[in-house]
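A.B. asks: My questions are about this predicted structure, shown below with the sequence.
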Amino acid sequence: MEEKTSTPKRSYLRTIKRFLPYYKKYKGILVFDLFCAALTTLCELVLPLLVRKITDIAQTDVSLLTVELILKCGILYLILRVIDTAAYYYMASIGHVMGTRMETDMRRDFFAHLQKLSFSYFDNTKVGTLMSRITSDMFDITEFAHHCPEEFFIAGLKIVCSFIILSTMNIWLTLIVFAIIPIMLLVLTPLSKRSREGFRESRKQVGELNSKVEDTLLGIHEVKAFSNEDIEEAKFEEGNLKFLDIKKIVYKFMGAYHAATRGFSGLMYITMIVIGAFFIRSGGISGSDFVAYMLYVTTLLNSVSQIVTFTEQFQRGTTGIERFCEVMDIEPDIVNTKDAVPLCDVSGEIEYDNVTFRYSGDTPEVIHDFSIKIAKGENLVIVGPSGGGKTTLCALLPRFYELDAGVIRIDGKDIKHLTLDSLRDNIGIVQQNVYLFSGSVRENIEYGKPGASLDEIKEAAKLAGAHEFIESLPNGYDTYVGERGVKLSGGQKQRISIARVFLKNPPILILDEATSALDNESERLVQQSLEKLAKGRTTITIAHRLTTIKNADKIIVLTEDGIVEAGSHHELISKNGMYAEMYKLYSAD
């Protein structure tokens with residue numbers, strides 16, 4: 001499934017403009033960092049002037065070059081170097097911390113934004129690509145946040161100051177040398193653009209590789225069970241080689257960029273030496289000025305080299321910011337309406353009124369014009385073949401997806417006009433595929449009611465029939481369950497998930513084929529827990545094993561054509577229709 005990021009490419013200006021607000025909290029640090037950058041630049045620019053002064057005095061009358069003057073120059077430069085060292089320390093330490101803090105802020109915003117996006121976004125986006133954006137992209141942004149203002153500020157300051165100082169020595173030589181810079185930029189800009197496009201592609205491919213690794217590792221049991229390690233390695237190698245091909249192209253243009261910069265640097269030196277020599281010959285510039293001129297041009301070219309070295313980092317940073325903005329620009333499609341009110345004092349009456357839904361604009365309708373009323377405390381069971389929309393109906397109640405048409409009401413209130421938090425707080429869900437977070441048993445149960453006491457957690461576990469087996473674990477409630485609860489059996493994981501819902505204590509309950517993946521003994525234990533959980537609550541149950549639903553208040557048979565049968569177990573059996581046929585098959589099994 002491809003990652004949905006078709007946002008138009010941004011210009012550098014637009015990209016950086018989106019990034020600037022993250023400097024706001026740290027503007028004091030940034031200003032002082034740039035002040036330190038100015039100090040280091042000043043210290044560097046003073047050296048050629050000192051050399052020029054000493055050379056000029058020596059050429060005029062060497063006797064004027066006294067010990068006192070030499071020591072004064074030495075002490076002055078020593079003081080400047082001490083200032084330069086202190087300023088550079090601040091830039092290298094506090095400046096980097098500023099970048100890391102900005103990275104932290106952006107990662108926090110990114111993660112918070114992901115929490116707001118609906119299931120439809122995650123249905124079409126690989127987790128690996130998001131992991132790439134929230135980790136490696138953010139690191140590149142850190143380096144960009146710190147170095148970008150510094151490098152460009154220092155380079156701009158050196159260019160302006162060098163131009164002013166060199167113009168006082170010989171304006172014509174300065175204009176000739178500096179005339180090469182616009183030509184250099186004209187050549188380097190398209191190379192830089194191609195490099196940026198390459199970095200964007202490489203970042204996308206890194207996300208694909210992450211997704212491939214994640215997919216293989218999460219399915220490692222299946223990989224080994226089918227002895228398909230070679231197949232997985234081949235699939236990974238395909239993506240890995242594609243990444244290599246992209247990087248080859250990137251570094252081809254980066255190499256051309258660096259080579260062109262060195263070529264233009266050499267051209268500036270040749271121009272300065274040849275034309276400067278003619279000016280010396282004609283008396284247009286003195287020997288001391290020419291020595292200083294050489295040092296300033298070297299400083300200028302060193303600055304250009306630093307910018308070139310920073311270019312790759314700059315490209316990575318802007319690409320990371322672009323990818324950050326692509327996700328941040330995705331508007332959540334399920335949000336609280338302006339008139340949304342909290343759902344309080346829930347009795348549990350539910351109504352689906354002419355509900356129609358499809359997952360995207362180009363897919364068939366999963367639910368069409370569906371209507372049903374579920375009374376307070378009623379246990380409604382939905383059965384039917386796959387593809388009839390059973391799970392989709394349950395996902396629409398907590399507004400995991402938005403309806404295309406129709407209304408769903410709880411206690412007569414349209415769920416669109418209820419706050420999402422209050423709506424979902426009043427609905428408990430037990431699914432077939434239980435997800436346990438990496439942590440302890442206690443933490444996983446507490447997820448149903450953050451901050452719950454151990455006594456409350458134990459009581460919920462007892463109600464779910466989980467307390468006994470939890471106590472027998474090596475560390476009881478503090479036992480580590482492993483990633484996705486891998487250290488527990490299916491029945492144990494299911495009872496922990498039920499305990500989680502007991503702790504939440506919602507008035508409405510959704511049971512989505514909660515026992516279909518269990519063995520008979522585990523199913524019996526879990527079914528007992530579910531019956532306790534459903535007591536006194538409005539419950540919607542999606543059932544796979546029909547032998548467990550005899551006591552349901554109402555059963556509906558749902559197919560692609562809608563509700564084809566409805567009634568109690570005994571009523572439907574007596575009709576001898578689709579439900580009766582399905583029940584006979586399951587009973588025989």
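C.D. replies: Sure, I can see it.
A.B. asks: longest helix in this structure, by residue count?
C.D. replies: helix 229-282 (DSSP state H).
A.B. asks: Toward the C-terminus, what is the element adjacent to that helix?
C.D. replies: Counting by DSSP states H and E, the element after helix 229-282 in chain order, helix or strand, is helix 287-328.
A.B. asks: L30 against Y23, yeah?
C.D. replies: Yes - assessed by Cβ atoms under 8 Å, L30 is found in contact with Y23 at 5.6 Å. C-beta: built from backbone N, CA, C; applies to glycine.
A.B. asks: more crowded one of those two?
C.D. replies: L30 (19 against 15; other Cβ atoms under 10 Å).
A.B. asks: so how far is Q306 from that one?
C.D. replies: Relative to Q306, L30 is positioned 19 Å away (Cβ to Cβ, to the nearest Å).
A.B. asks: Can you give me every residue that contacts Y447?
C.D. replies: Going by Cβ atoms under 8 Å, 6 or more residues apart in numbering, Y447 touches F437, R500.
A.B. asks: got the phi/psi numbers for it?
C.D. replies: phi -60, psi -30 (degrees, to the nearest 10).
A.B. asks: For T135, grab phi and psi.
C.D. replies: phi -120, psi -80.
A.B. asks: sorry, back to before: what is the longest helix of the chain packed up against?
C.D. replies: Under the contact criterion of 3 or more Cβ pairs under 8 Å, 6 or more residues apart in numbering; DSSP states H and E, helix 229-282 touches helix 171-178, helix 180-218, helix 287-328.
A.B. asks: same thing but 10 Å
C.D. replies: Applying 3 or more Cβ pairs under 10 Å, 6 or more residues apart in numbering; DSSP states H and E, we find helix 229-282 packed against helix 136-169, helix 171-178, helix 180-218, helix 220-225, helix 287-328.
A.B. asks: need the ones you listed in TSV with distance to L45 and mean neighbour count, can you?
C.D. replies: Below are the helices and strands packed on helix 229-282 laid out as TSV (distance: least, Cβ to Cβ, whole Å; neighbours: other Cβ atoms under 10 Å):
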stretch	distance to L45	mean neighbour count
helix 136-169	6	19
helix 171-178	15	17
helix 180-218	18	17
helix 220-225	60	11
helix 287-328	7	20
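A.B. asks: ok, now which ones touch the residue of the chain most remote from its centre?
C.D. replies: Relative to the centre of the chain, and counting by Cα atoms, centre = their mean, the farthest-placed residue is S63 at 68.5 Å. S63 makes contact with I57 under the criterion Cβ atoms under 10 Å, 6 or more residues apart in numbering.
A.B. asks: okay, it: pLDDT?
C.D. replies: pLDDT, S63: 76.
A.B. asks: re the thing from before, turn the helices and strands packed on helix 229-282 into a markdown table, columns for distance to T419 and mean pLDDT.
C.D. replies: Shown next, in a markdown table, are these (distance: least, Cβ to Cβ, whole Å; pLDDT from 0 to 100):
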| stretch | distance to T419 | mean pLDDT |
| --- | --- | --- |
| helix 136-169 | 31 | 83 |
| helix 171-178 | 62 | 86 |
| helix 180-218 | 34 | 78 |
| helix 220-225 | 41 | 69 |
| helix 287-328 | 23 | 78 |
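A.B. asks: Which of those sits closest to Q527?
C.D. replies: helix 220-225 (26.7 Å; Cβ to Cβ).
A.B. asks: how far away is I141 from D105?
C.D. replies: In this view, I141 and D105 are 10 Å apart by Cβ to Cβ.
A.B. asks: Quickly list what's touching both of those two.
C.D. replies: Y22.
A.B. asks: Surely N354 forms part of a helix?
C.D. replies: No - under DSSP: H, G, I helix; E, B strand; the rest coil, N354 sits outside any helix and is assigned strand.
A.B. asks: pLDDT score for the spatially most central residue of the chain?
C.D. replies: The chain has I134 as the residue nearest its centroid, 3.4 Å off, counting by Cα atoms, centre = their mean. On pLDDT, I134 comes in at 82.
A.B. asks: Touching, it and M328? I think so.
C.D. replies: No - the criterion here is Cβ atoms under 10 Å, and I134 misses it with M328 at 11.9 Å.
A.B. asks: So for these two, which residues contact both of them?
C.D. replies: Joint contacts of I134 and M328 (Cβ under 10 Å, 6+ apart) are M106, F110, L114.
A.B. asks: filter those residues to the buried ones?
C.D. replies: Among the shared contacts of I134 and M328, those classed as buried by 16 or more other Cβ atoms under 10 Å are M106, F110, L114.
A.B. asks: Please consider this matter closed, and thank you.
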